[in-house]
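In: Quick one, structure for this:
(2 chains)
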Amino acid sequence: MAAATLPALGRARARATSEPLLAKALLIGVAVVFLALFLVLPLVAVFSQALEKGWAAYVAALHEPMALSALKLTLLTAAVAVPLNLAFGLAAAWAIAKFEFPGKNALITLIDLPFGVSPVISGMVFILLFGRQGILGPWAESHGLKLVFSVPGLILATVFVTFPFVARELIPLMQAEGTEEEEAARVLGASGLQLFWRVTLPNIKWGLLYGVILCNARAMGEFGAVSVVSGHIRGKTNTLPLHVEILYNEYNFQAAFAASSLLAFLALVTLVAKSLVEWRSAAVRGRAGIDASEEESPRVH
Amino acid sequence: MLDARRDPKDDMRLHKTHSVLPGFGLAMGFTLFYLSLVVLIPLSTLFWKSASLGAAGFWDVVTAPRVLASYKITFLASLAAASINGIFGLVVTWVLVRYQFPGRRLLDALVDLPFALPTAVAGITLTTLYAPNGWLGAPLEKLGIKVAFTPLGITLALTFIGLPFVVRTLQPVLEGLDPEVEEAAASLGANRLQTILRVVLPALMPAWLTGFALAFARALGEYGSVVFIAGNMPMKTEITPLLIITKLEQFDYAGATAIAAVTLVASFVLLLAINRLQSWSARLGTAE
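Out: Numbers count the residues shown, from 1 in each chain, chains lettered A, B, ... in the order given. As a prediction, this is how the structure comes out:
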């Protein structure tokens, strides 16, 4: 008898805490249509517009010297900005997560600051600093340094915009890890570097990778901030997103979408890598038996 | 300047509890140095430059009719976009967390697309889709609805870029919600709708408001995805970030800075509000 009532009880419980089938179907329908309209359709549109005039035209648009130089500059910008912000993220997370000091919350808020600033303003501050009428403008000019409307300006603006990404991922993660393992290693005679490579890094590698992926995506895709500092000099200060803008404004839509398709592909790679890292770190957490409530705060940028 | 930086650091060293771990001085020193160099010094120039206008000049710039019109369109479009995301984001989160259906994981991963897709690409794609001859623009045009180059287009672009904020803020909270609370409500005689409205939604409230505020804050400063679809007509579809760029291109640095300062203060107030919401949300989480 008892065996027969248990499943019935389960069914009653499921009925009481879930929605009627019709409501479920309706909600799923609304969500799927909304996401299809806002996410899937634009993604499909990028690739279909890029291939509108056929494969040959697509390849030709990407082989154009301006497109290649834009691609190179985009890679260069990310190659400088990501390692710099990675080093910063590690240092900041080490200091904040492993030590106690007054003003910690204020410091965390300051690190988040670039997320709250409009991209346009992020670019503008470097013009105010290094432009002709800028505070350090005359100094830069007298030393022959051209810091705005030039490649260094683009890199500076990108570093500013992507500043918090790695730190933001690592701080909560390293805070949750605590300091016991490092202290044990220290007591057992590990040097500072050994401590970092053998104890800290293995614990944070997935979060670190996650932060780097997000940082890289933003560095390669940033538009507003670099648009302000670039001065739009073709072949010199054009990153891929700026190249897209120029082509689009010249009504060369097919070429604009061809360049866009590279960036959209990068976005897809980012999403896949991000999902893999998330599943992987969830699996690691699951194995370690860490309570689900310890999951990091929402990742919002 | 070096001295000014060293003082608080020494102060911290005195206060910190003794630790056997190495590297605090180095890590902290680098953090403060890099933070000042990359973020604090550049941002402070904004206030230095806008101070050069004087109070009256500043006021004239930031309340000029064209500037006021840009605040209005930016604010209203951002509010509308955040509201759309508030409603649909809640439905999307609910469906992703509570239901199993084919393609769920794919949709879940796709939610982050607006974070990963460069804003310029989003901008030209949405414009092409919603232009009068676009895939969606053409049928809408037949119905008499113009999207591209109108405030509706701006709202649409801002909805796109704000989409992940609500979902990603709500998701962990909804996942962590204890099912026993809902069971208790049901066993006390509440029907499903009552349980959702009186038990589940109130628990989601702080996270939902946080997501809404984050989407709103992001929309206020957004540039790349909006400029293409907006049409950029002064007084009608010109957003504040674009106005800042226009002033910069005319070498009116003081004017651009003044408007930027207003925008910046507005987003800092929002950030503070978001921080308060998040600590409220964390308190609710621990109280249960």
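
In: Quick check: A:Met174 touching A:Leu201?
Out: No - under the criterion of CB atoms under 8 Å, A:Met174 makes no contact with A:Leu201, lying 10.8 Å away. Glycine gets a C-beta too; all of them are placed from N, C-alpha and C.

In: residues touching residue 267, list them.
Out: Using chain A. A:Ala217, A:Gly221, B:Leu113, B:Ala116, B:Leu117, B:Pro118, B:Val121 (CB atoms under 8 Å, 6 or more residues apart in numbering or on different chains).

In: wrong chain, I was asking about chain B
Out: So B:Ser267 contacts A:Gly116, A:Val117, A:Ser118, B:Ala217, B:Leu220, B:Gly221 (CB under 8 Å, 6+ apart).

In: could you redo the last one with a cut-off of 7 Å?
Out: For B:Ser267, the contact set (CB atoms under 7 Å, 6 or more residues apart in numbering or on different chains) comprises A:Gly116, A:Val117, B:Ala217, B:Leu220, B:Gly221.

In: Please, which helix or strand holds it?
Out: helix B:253-287 (DSSP states H and E).

In: Flag every buried residue along that helix.
Out: B:253-264, B:266-267, B:270-271, B:274, B:277-278, B:281, B:284 (16 or more other CB atoms under 10 Å in any protein chain shown).

In: Ok, stretch A:173-193 next?
Out: A:Leu173, A:Met174, A:Glu177, A:Thr179, A:Glu182, A:Glu183, A:Ala185, A:Arg186, A:Ala190.

In: of the residues you listed, list those near chain B.
Out: A:Thr179, A:Glu182, A:Glu183, A:Arg186 (CB under 7 Å from any CB of the partner chain).

In: Need those in JSON lines (columns: pLDDT, distance to B:Asn232 and secondary structure).
Out: Shown next, in JSON lines, are these (pLDDT from 0 to 100; distance: CB to CB, whole Å; DSSP: H, G, I helix; E, B strand; the rest coil):
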{"residue": "A:Thr179", "pLDDT": "87", "distance to B:Asn232": "53", "secondary structure": "coil"}
{"residue": "A:Glu182", "pLDDT": "88", "distance to B:Asn232": "54", "secondary structure": "helix"}
{"residue": "A:Glu183", "pLDDT": "89", "distance to B:Asn232": "58", "secondary structure": "helix"}
{"residue": "A:Arg186", "pLDDT": "87", "distance to B:Asn232": "59", "secondary structure": "helix"}
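
In: Let me know the average pLDDT across stretch B:205-217.
Out: Averaged over stretch B:205-217, pLDDT sits at 91.

In: before we move on, what about stretch A:280-294?
Out: 63.

In: And the helix or strand containing A:Leu75, what does it pack against?
Out: Element membership of A:Leu75, judged by DSSP H and E, is helix A:65-98. Secondary-structure packing of helix A:65-98 (3 or more CB pairs under 7 Å, 6 or more residues apart in numbering or on different chains; DSSP states H and E): helix A:104-112, helix A:151-162, helix A:165-177, helix A:201-221, helix A:240-249, helix B:24-35.

In: what residue lies at the spatial centre of chain B?
Out: B:Arg218 (2.5 Å; CA atoms, centre = their mean).

In: Quick check: closest non-adjacent residue to that residue.
Out: B:Gly162 (5.8 Å; CB to CB, 6 or more residues apart in numbering or on different chains).

In: can you pull the contacts of the one you found?
Out: Here B:Gly162 is in contact with B:Ala81, B:Ala82, B:Asn85, B:Ala215, B:Arg218, B:Ala219 (criterion: CB under 7 Å, 6+ apart).

In: hang on, isn't the fifth one packed against B:Phe160?
Out: Put plainly, it is B:Arg218. No - contact between B:Arg218 and B:Phe160 fails when scored by CB atoms under 7 Å: they sit 11.0 Å apart.

In: How about the residues of the stretch 51-200 of chain A by chain B?
Out: A:88, A:91-92, A:94-95, A:98-102, A:110-111, A:113-114, A:116-121, A:124-129, A:133, A:135, A:159-160, A:163, A:179, A:182-183, A:186-187, A:192.

In: Determine the angle, from 0 to 180 degrees, between the longest helix along chain A and helix A:201-221.
Out: Selection of the longest helix in chain A by residue count, based on DSSP state H, yields helix A:253-288. Angle, helix A:253-288 to helix A:201-221, by axes from the mean of the first three to the mean of the last three CA atoms, to 10 degrees: 170 degrees.

In: in helix A:253-288, what's buried?
Out: In helix A:253-288, counting by 16+ other CB under 10 Å, buried: A:253-264, A:266-268, A:270-271, A:273-275, A:277-278, A:281.

In: same thing with stretch B:182-195?
Out: Buried, per 16+ other CB under 10 Å, within stretch B:182-195: B:Glu182, B:Ala185, B:Ala186, B:Ala190, B:Arg192, B:Thr195.
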